[in-house]
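Q: fold the following.
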Amino acid sequence: MKRKYLIVILLAGLFSLDGFSQSEEPSFSVSVSSDSVYFGNRFKVTFTLENGQGENFLPPDFASFQMASGQMMSSRMSIVNGEMSQTSSYFFYLEPKEIGRYFIEPASIMVDGEVFETMPYEVFILDNPEGIRQEIEEDKSHNSFFQEFDMTFPPAPNLNSPERREMEKSKSKRKTTRL
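A: Just a heads-up that it's a prediction; the model follows:
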């Protein structure tokens, strides 16, 4: 008998999620930690999808930049008074290859069968003869429990690198003898 009540409650909970509605139409945008960057410094490019579940994210070709880290993703969902808001962000940390004026080309993502694209974003890379270091400013607009912790992880090692293959070969050639 208890099992029947539990199943009914679970099914009611699942069907009630259908009653939540997205508060606004989906939007897809790009932001940069700084639009003027001294040469030799990294900057953060963020592509943000709001109020939609995206698939097939296509980042731009960052040919004018060295990718320091990325692609990383963050997702957030909240339901307040039956109104659901959802945000997905894709992050890239880039380092310029040369001084000049560049554009971050559009990225695209598909939401409910419709393709959304960002606008191109202009970035100025300035000469840095004094070797000034710029800090990447993080977005603190979303109050979160996890902001108190450093959640930055080093990039994953390249498991197929030549150094690793050489190390594996040298391990297989070792012989051990028991005394």
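
Q: ok so Q134 is a strand residue?
A: No: using DSSP: H, G, I helix; E, B strand; the rest coil, the assignment for Q134 is coil, not a strand.

Q: that one contacts N41, correct?
A: Yes: between Q134 and N41 there is a contact under CB atoms under 8 Å: 4.4 Å. Quick note: C-beta positions are derived from backbone N, CA and C, even for glycine.

Q: who's more crowded, the two?
A: N41 (19 against 15; other CB atoms under 10 Å).

Q: and that one, what does it touch?
A: Going by CB atoms under 8 Å, 6 or more residues apart in numbering, N41 touches 95, 128, 132-134.

Q: kindly recompute the last result at 10 Å.
A: Neighbouring residues of N41 by CB atoms under 10 Å, 6 or more residues apart in numbering: 33-34, 95-96, 125-126, 128, 131-136.

Q: how near is it to E114?
A: Distance check for N41 against E114: by CB to CB, to the nearest Å, it reads 37 Å.

Q: tally of neighbours for F47?
A: Neighbours of F47 (other CB under 10 Å): 27.

Q: who does the helix or strand that contains it pair up with?
A: Assessed by DSSP states H and E, F47 sits inside strand 43-50. The pairing partners recorded for strand 43-50 under DSSP bridges are strand 27-32 (antiparallel), strand 83-96 (antiparallel).

Q: and the ones you listed as a markdown table, adding mean neighbour count?
A: Formatted as a markdown table, these follow (neighbours: other CB atoms under 10 Å):
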| stretch | mean neighbour count |
| --- | --- |
| strand 27-32 | 17 |
| strand 83-96 | 18 |
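
Q: ok, back up a step: can you dump the C-alpha coordinates of the helix or strand following the strand holding F47 into CSV?
A: Sequence-wise, the next helix or strand downstream of strand 43-50 (DSSP H and E) is strand 54-58. Once non-C-alpha atoms are left out, strand 54-58 reads as follows in CSV (Å, rounded to 0.1, in the frame of the first residue of the first chain):
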residue,chain,number,x,y,z
GLY,A,54,20.8,24.3,-26.1
GLU,A,55,22.5,21.6,-28.2
ASN,A,56,25.2,21.4,-30.9
PHE,A,57,27.2,24.4,-29.5
LEU,A,58,29.6,25.5,-32.2
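
Q: in ChimeraX, select just the buried ones from the contacts of N41.
A: Command for ChimeraX that selects the buried part of those, burial taken from 16 or more other CB atoms under 10 Å:
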select :33,95,96,125,128
